[in-house]
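A.B. asks: Provided below for reference: sequence and predicted model.
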Amino acid sequence: MAAGFCGLDDRKGARILMEIEEFKRRLAEAGLKPTDAAVQQMYAALPLIEAMRARVNRNYDMADEPAATFNARLGQ
Amino acid sequence: MSGDNLCRLTIQEAAPMLQRREISPVELTEAFLARIEELNQTLAAYVCVTSDLARTQAKQAEQEIGNGQYRGPMHGVPIGLKDIYATKGIATTASSHLHVNRIPDADAEATARLAAAGAVLLGKLTTHEFAFGGPSWDLPTPPARNPWNPDHFTGGSSSGSGAAAAAGLAMGTLGSDTAGSIRMPAFFCGIAGLKPTYGRVSRRGVTPLAFSLDHCGPMTWSVADCALMMNAIAGYDPKDPASANLPVPDHAATLDDGVKGKRIGLIKHFYDGDIQAAEPIKLAMAAAAKTFESLGAHVEEVTLPSLRDFHACNFVIMLAEAYAIHQASITKTPEKYGEILRDRMMLASFITGYDYVQATRMRTSLKAAVDTALSKYDFLLTAGGPTPAPKLEQMPKFYVFENPLLTSPFNVSGHPVLSVCNGFSDAKLPVGMQIVGRPFDEAGVLAAGQAFEQATPFRNERPMMQ
């Protein structure tokens, strides 16, 4: 992993990179104000999140339904 | 009967004694309050002990039983609730500074059902912050400790529930399970813990972590006691939108049905392939499979999708739903959160709406894979965790992202799972396994767990009891 970058290999080998400045910017845009120490720790852990994201993002068929499909009977 | 002997009783043993008035709910409650007084400083299982309420409820139970108004096996039985179950007039803090002054004006549905069954509330039990952030030392109360060795982790997030049920600080407890929070403490503390089918037990009034993954269920010393608690709490709640409107069987009636002729699929690759569990776990699973075969079941290996797929699906959905719940508070008052939950939630902000929908699409196929396996087998069997309980201070902040949880698959799929103790490590720490059943077949997994428990010696010794 290049210094200053958070990277990972997803299951197809694609590489996702985010510089720490971009990481900080996105936290700030979300209204989050972590300490510098927390930023460093979270940035180091970001590949774990990115690995999980990569694993769920597959080539689904257009008609593949989510488990959360709305059901009008619920709540009746 | 001495206090410690009273606290050693299971619900199944105590209930007929209470009904016959051989013991009284008052003496039973006093025994548990004394034991909590003695051990809670070490174990930190309770965040709040409701002594006055417990004595009042015990006295009422004693009078009712004396008057011939016996309500059933939970009548006069002292229990504890994870501190995310709303209790009317009693602080329900989720072990967070954010909710430290929260006094609900109504009981959670499960709380109310246990009260209606005549149970005696001893107090509220330690949880990881909002059932996700822990073990932490910057919360209103310290983390619970493992009764088998207080230097070790109880598992989370129903940490106090696990410690209390193991150490005899309550006859039964309730926990909640979004990625394994009933089953991991059951595994580490050597008790029985049931994650029912999604929709079987009402979530209403229980502080949510992730709406589509949260399950409520019992944690007890014995399998039979899980069945008795399920009889009190299971069933349709029209005010919980996920509640299933289905009949509920008597979970205790079929406990002794055994496993003769049952087909069991062993998901070995979860713990010996997708991840590598420690040797005591693998040995305990091999021995458990042999035990089931000796009881007349047919056990063979079955393959499901990778454990890592289930774990990713579980956590992407959980983080997205949890962030939706906490976003407003975490941006406005981050200082009210413990560091672990705050930082985990900040990382959750990197999960996108696209990720969430894709994870729910993946969930559909993963659930179908479990259903397919259970069309061939009556039960599935796998390990409950990768190692015996680690030391409490060794838990890294982001361990739940790093290591796939063996419990995750069945939060994704919603199937009922019973965690039971299936051995001990050389260091005398318990290990456990999961018995998975078809949707709403809690009675079946309990019967399988009961057969295993009766055939093995793992209930012979209890921690902190001479």
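C.D. replies: Yep, it's here.
A.B. asks: In contact with A:Pro34, which residues?
C.D. replies: Contact partners of A:Pro34, counting by CB atoms under 8 Å, 6 or more residues apart in numbering or on different chains, are A:Leu27, A:Met42, B:Pro334, B:Arg342, B:Asp343, B:Met346. Backbone N, C-alpha and C define where each C-beta goes, glycine included.
A.B. asks: Next, give me the two most distant ones among the residues you listed.
C.D. replies: A:Met42 and B:Pro334 (12.9 Å; CB to CB).
A.B. asks: who has more neighbours, the two?
C.D. replies: Of the pair A:Met42 and B:Pro334, A:Met42 is the one with more neighbours under other CB atoms under 10 Å in any protein chain shown, namely 25 against 19.
A.B. asks: The more buried one in helix, strand or coil?
C.D. replies: Using DSSP: H, G, I helix; E, B strand; the rest coil, the secondary structure recorded for A:Met42 is helix.
A.B. asks: Pretty sure it sits against B:Met345.
C.D. replies: No. Counting by CB atoms under 8 Å, A:Met42 stays clear of B:Met345, with 10.4 Å between them.
A.B. asks: and which of the contacts of A:Pro34 is nearest to B:Ile79?
C.D. replies: If you rank the contacts of A:Pro34 by distance to B:Ile79 using CB to CB, B:Arg342 comes first, at 31.7 Å.
A.B. asks: Provide the backbone phi and psi angles at the closest one.
C.D. replies: B:Arg342 adopts backbone torsions of phi -60, psi -50, taken as degrees, to the nearest 10.
A.B. asks: which ones are touching the residue nearest to it when sequence neighbours are not counted?
C.D. replies: Once flanking residues are discounted, B:Arg342 sits nearest to B:Pro334: 5.5 Å by CB to CB, 6 or more residues apart in numbering or on different chains. If you count contacts by CB under 8 Å, 6+ apart, B:Pro334 has them with A:Leu32, A:Lys33, A:Pro34, B:Arg342.
A.B. asks: Quick one: residues contacting the residue nearest to B:Thr87 when sequence neighbours are not counted.
C.D. replies: When the adjacent residues along the chain are set aside, B:Thr87 lies closest to B:Thr111, with 5.7 Å between them (CB to CB, 6+ apart). Residues counted as contacts of B:Thr111 (CB under 8 Å, 6+ apart) are B:Leu81, B:Tyr85, B:Ala86, B:Thr87, B:Lys88, B:Leu121, B:Gly205.
A.B. asks: What about B:Thr333, how many residues nearby?
C.D. replies: Residue neighbour count, defined by other CB under 10 Å, stands at 11 for B:Thr333.
A.B. asks: Can you tell me which residues in chain B are near chain A?
C.D. replies: Where chain B comes near chain A, counting by CB under 8 Å from any CB of the partner chain, the residues are B:212, B:241-242, B:308-309, B:311-313, B:315-316, B:319, B:330-331, B:334, B:339, B:342-343, B:346-352, B:354-355, B:357-365, B:367, B:397-398, B:401-402.
A.B. asks: about what we covered before: check the contacts of B:Pro334 against B:Gln12 and report the nearest one.
C.D. replies: For B:Gln12, the nearest member of the contacts of B:Pro334 is B:Arg342. The distance, counting by CB to CB, is 42.4 Å.
A.B. asks: related to what we said a few turns ago, A helix includes the residue nearest to B:Thr87, no?
C.D. replies: Yes. Assigned with three-state DSSP, B:Thr111 falls within a helix.
A.B. asks: Any stretches of chain A with poor pLDDT?
C.D. replies: Judged by pLDDT under 70, chain A has its weakly predicted residues at A:1-16, A:73-76.
A.B. asks: Within range of chain B, give me the residues from it.
C.D. replies: Applying CB under 8 Å from any CB, one finds that chain A approaches chain B through A:26-27, A:30-34, A:38, A:41-42, A:45-46, A:48-53, A:55-58, A:60, A:64-68, A:74-75.
A.B. asks: please redo it, this time with the cut-off set to 7 Å
C.D. replies: If contacts are counted using CB under 7 Å from any CB of the partner chain, the residues of chain A sitting beside chain B are A:27, A:30-34, A:38, A:41-42, A:45-46, A:48-49, A:52-53, A:55-58, A:60, A:64-68, A:74-75.
A.B. asks: Give me the buried subset of those.
C.D. replies: Neighbour counting with 16 or more other CB atoms under 10 Å in any protein chain shown marks A:27, A:30, A:32, A:34, A:38, A:41-42, A:45-46, A:48-49, A:52-53, A:55-57, A:60, A:66-68 as buried within the residues of chain A next to chain B.
A.B. asks: Could you pull up the residues touching B:Phe379?
C.D. replies: B:Lys262, B:Ile264, B:Ile435, B:Val436, B:Gly437, B:Val445, B:Ala448 (CB atoms under 7 Å, 6 or more residues apart in numbering or on different chains).
A.B. asks: So which of these sit within strands?
C.D. replies: If you go by DSSP state E, the contacts of B:Phe379 have B:Ile264, B:Ile435, B:Val436 in strands.
A.B. asks: Look up which helix or strand the closest residue to the last one other than its chain neighbours falls in, please.
C.D. replies: Same thing as B:Val436. Counting by CB to CB, 6+ apart, B:Leu380 is the residue found nearest to B:Val436 once chain neighbours are left out, at 4.0 Å. Taking DSSP states H and E as the criterion, B:Leu380 maps to strand B:379-383.
A.B. asks: any idea of the mean pLDDT for that strand?
C.D. replies: Averaged over strand B:379-383, pLDDT sits at 99.
A.B. asks: same check, this time on stretch B:388-399
C.D. replies: Model confidence over stretch B:388-399, given as mean pLDDT, is 94.
A.B. asks: Show me how far that stretch is from its chain's centre.
C.D. replies: For stretch B:388-399, the distance between its averaged C-alpha position and the chain's averaged C-alpha position is 19 Å (CA atoms, centre = their mean, to the nearest Å).
A.B. asks: list the buried ones in that stretch?
C.D. replies: Along stretch B:388-399, the positions that meet the burial threshold by neighbour count (16+ other CB under 10 Å) are B:Pro388, B:Ala389, B:Pro390, B:Leu392, B:Met395, B:Lys397, B:Phe398.
A.B. asks: Could you check how far the residue most central in space within chain A is from B:Ser419?
C.D. replies: Central residue of chain A (CA atoms, centre = their mean): A:Glu50, 4.4 Å from the mean position. When CB to CB, to the nearest Å is the yardstick, A:Glu50 and B:Ser419 sit 31 Å from each other.
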